[in-house]
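J.: A predicted structure for the sequence below; I have some questions about it.
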Amino acid sequence: MTSLPYRVAAFALLAAPAAAPAQASTFIMRLNGDTLGIERVTRTGQRLDGDFVDKLRGIHLRYSANLGGDGSVSQFESWVSRGEDTTTISQVVMQAAGDTMVVEAGRGETHRIATKAGAVVYFNPSAALLEQALRRARAIGGATVDVPLFQAAGGMTAPLGVTWVGTDSAHLTLGGVTMNVAVGPDGRLTGMNVPTQNFVVSRVEGFRDAKIEKPDYTVPAGAPYTAEEVTLRTPSGITLAGTLTLPKVRPAQGVPAVVTITGSGTEERDESLPGVSGYRPFRQIADTLARRGIAVLRLDDRGIGGSEAGPRGATSGDFAADIEAGLQYLRTRHDINGNRLALVGHSEGGMIAPMVAAADPKLHAIVLMAGPSHTGRAILKYQQEYAADSMLKLTDTRRDSALRAMSKTLDSAAAAEPWVKFFLDYDPIATAKRVKQSVLILQGGTDRQVTPEQANELAAAFRAGGNRDVTVKIFPETDHLFLADPNGNPSGYPRLPSKNVRPEVLGLIADWLAARLR
């Protein structure tokens, strides 16, 4: 994605106030009307203290930054806690040293990461740190300037393009995404919006409530199954939390069971989606299967809900090991039939499920929902082109410029972040040829994120490896989320009339698994 048309006005440098009293404010972040985060900040001339409540991930991130007179950040320290618990689960200190950022993390880890001198530390979607980047831009000077942002998550340094429009607003561009910001006479960011994502930030004076509401993972009234909160330890020592739904009627040998696998990004166990209120596909799948006598274990990803974050640099291969740990946990339970286990993976989860199956011959079956056959680089290239053509409707040089910027950002991310590099290079076809378990491949006919032809490409790869039980079903007018959607444009997800997975999708999953897990 790229910037919208704008008129560049003359840049006027605004003098800083003579005094710098503490300023307490709250930034409220909303996506399609849903509150995603609340950031409470106190700023003085040389220090910024913040408390960011991530309502989606269920965490508090407190931070303190030492500020230079030129808008740079010389030191940044953060503490993360979970929910309303104030116990620190991770602490990181970042110290700028010229073109190097010295990062001290937990477990005695110290990393020296290349950056650019004068970089501003940033974590998405902090409004206060974007405000600091604006101050840095003013100090650098010019109507259009690039401010280096050091991404706290991943260690990548990316340019934030700042173009001033008069004295009270600016256009920001980061990774091909354009943000429009309003700026007060004292240099404070007073509001922001991202037109392509319907993301809005508003600022209010003083502190506002920032409580995290605990997700509801209980069962519906009268359901023929129970929901049990569970924790397990992976071989690498990471604690994962989740919910196990168990049919109330269970045979002596135990019930068959499924482990669900979320898509890309840090997702909680129901795989809810910010801004798409009511979308909880794995809760629906768990309910459907439990009513058919199949238990379901759905886990929080690392670093969200009740699961520990683990060390930096985890890849899809590490997430596959987490899912295998879930299978091993189920095999220890007397109420689960360890010989009748399956996986249901969505999107990246549909890439991970075959990885687990190829390494675990005792696994019985896998269901892939919009699982990719292409490499991550090919998938993202298509998504970027689709966004430029169908969402932003860019043409000619603006389209070329936007695609070049996104490609450059992607290459930088791959160099800094192991997950990105793994995803870009990983070939799902090679793994599919090693899978011998029963496979169900489900695909939406209007999916604009993992294109429909990839379903049959995957099926051909499984069969080429000798697999004799491969089923493919493509649902017309169904998008990447398996919602009824004649268009499939991701920007339209929030406006769809139903946020429930199509009943025919749920029905096929239940019928197919029931037949193979008996």
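T.: Right, received. Where do you want to start?
J.: partners of whichever strand or helix holds Val41 in the sheet?
T.: According to DSSP states H and E, Val41 maps onto strand 34-43. Strand 34-43 sits in its sheet next to strand 23-31 (antiparallel), strand 47-54 (antiparallel), going by DSSP bridges.
J.: Could you pull out the strands in the stretch 251-400 of the chain for me?
T.: Using DSSP state E, counting those that start in this stretch, the strands of the stretch 251-400 of the chain run over residues 255-261, 295-299, 336-346, 365-369.
J.: Out of the strands paired with strand 34-43, which gets nearest to Leu130?
T.: strand 23-31 (9.5 Å; Cβ to Cβ). To be clear about C-beta, it is placed using only N, CA and C from the backbone, and glycine gets the same treatment.
J.: What residues sit buried inside the closest one?
T.: Neighbour-count burial for strand 23-31, counted by 16 or more other Cβ atoms under 10 Å, picks out Ser25, Thr26, Phe27, Ile28, Met29, Arg30, Leu31.
J.: Relative to the whole chain's centre, how far out is the strand holding Val41?
T.: The chain centroid and the centroid of strand 34-43 are separated by 19 Å under Cα atoms, centre = their mean, to the nearest Å.
J.: before we move on, the earlier item: which of the strands of the stretch 251-400 of the chain sits closest to Val177?
T.: It's strand 336-346; of the strands of the stretch 251-400 of the chain, that one is closest to Val177 (Cβ to Cβ) at 24.3 Å.
J.: for Ala257, what are its contacts?
T.: The contact partners of Ala257, taken as Cβ atoms under 8 Å, 6 or more residues apart in numbering, are Ile294, Ala295, Val296, Leu297, Leu330, Ile336, Asn337, Arg340, Leu341, Ala342.
J.: Run through the bridge partners of it.
T.: The partner residues for Ala257, given DSSP bridges, come to Ala295, Leu341.
J.: can you check Val165 too?
T.: Ser169.
J.: For this protein, which helix or strand comes out least confident on mean pLDDT?
T.: When the helices and strands of the chain are compared on mean pLDDT, DSSP states H and E, helix 396-416 comes out lowest with a mean of 73.
J.: For that helix, which helices and strands make contact with it?
T.: strand 157-165, helix 376-386, helix 418-425 (3 or more Cβ pairs under 8 Å, 6 or more residues apart in numbering; DSSP states H and E).
J.: if I pick Pro125, what's in contact with it?
T.: Contacts of Pro125 by Cβ under 8 Å, 6+ apart are Met29, Leu36, Gly37, Phe199, Val201.
J.: try Gly50
T.: With Cβ under 8 Å, 6+ apart, Gly50 has these contacts: Glu39, Arg40, Val41, Thr42, Leu61, Arg62, Tyr63, Ser64, Ala65, Ser126, Ala128.
J.: In CSV, list the residues you listed along with neighbour count.
T.: Converted to CSV, those look like this (neighbours: other Cβ atoms under 10 Å):
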residue, neighbour count
Glu39, 24
Arg40, 21
Val41, 23
Thr42, 16
Leu61, 20
Arg62, 18
Tyr63, 24
Ser64, 15
Ala65, 24
Ser126, 23
Ala128, 23
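J.: Which of those residues sits closest to Ala357?
T.: Leu61 (36.1 Å).
J.: ok, that closest one to Gln91 distance?
T.: To Gln91, Leu61 is 11 Å away according to Cβ to Cβ, to the nearest Å.
J.: shared neighbours of the two, anything?
T.: Ser78, Trp79, Val80.
J.: how about stretch 408-424: buried residues?
T.: 409-410, 412-414, 416-424.
J.: again, but for stretch 486-493
T.: Gly488, Pro490, Ser491, Tyr493.
J.: is it true that the third one lies in a helix?
T.: Yes. Assessed by DSSP: H, G, I helix; E, B strand; the rest coil, Ser491 belongs to a helix.
J.: Do a quick rundown of the strands in the stretch 101-250 of the chain.
T.: Under DSSP E, counting those that start in this stretch, the stretch 101-250 of the chain gives strands at 110-114, 120-122, 144-151, 157-165, 169-174, 177-183, 189-194, 199-205, 225-233, 239-247.
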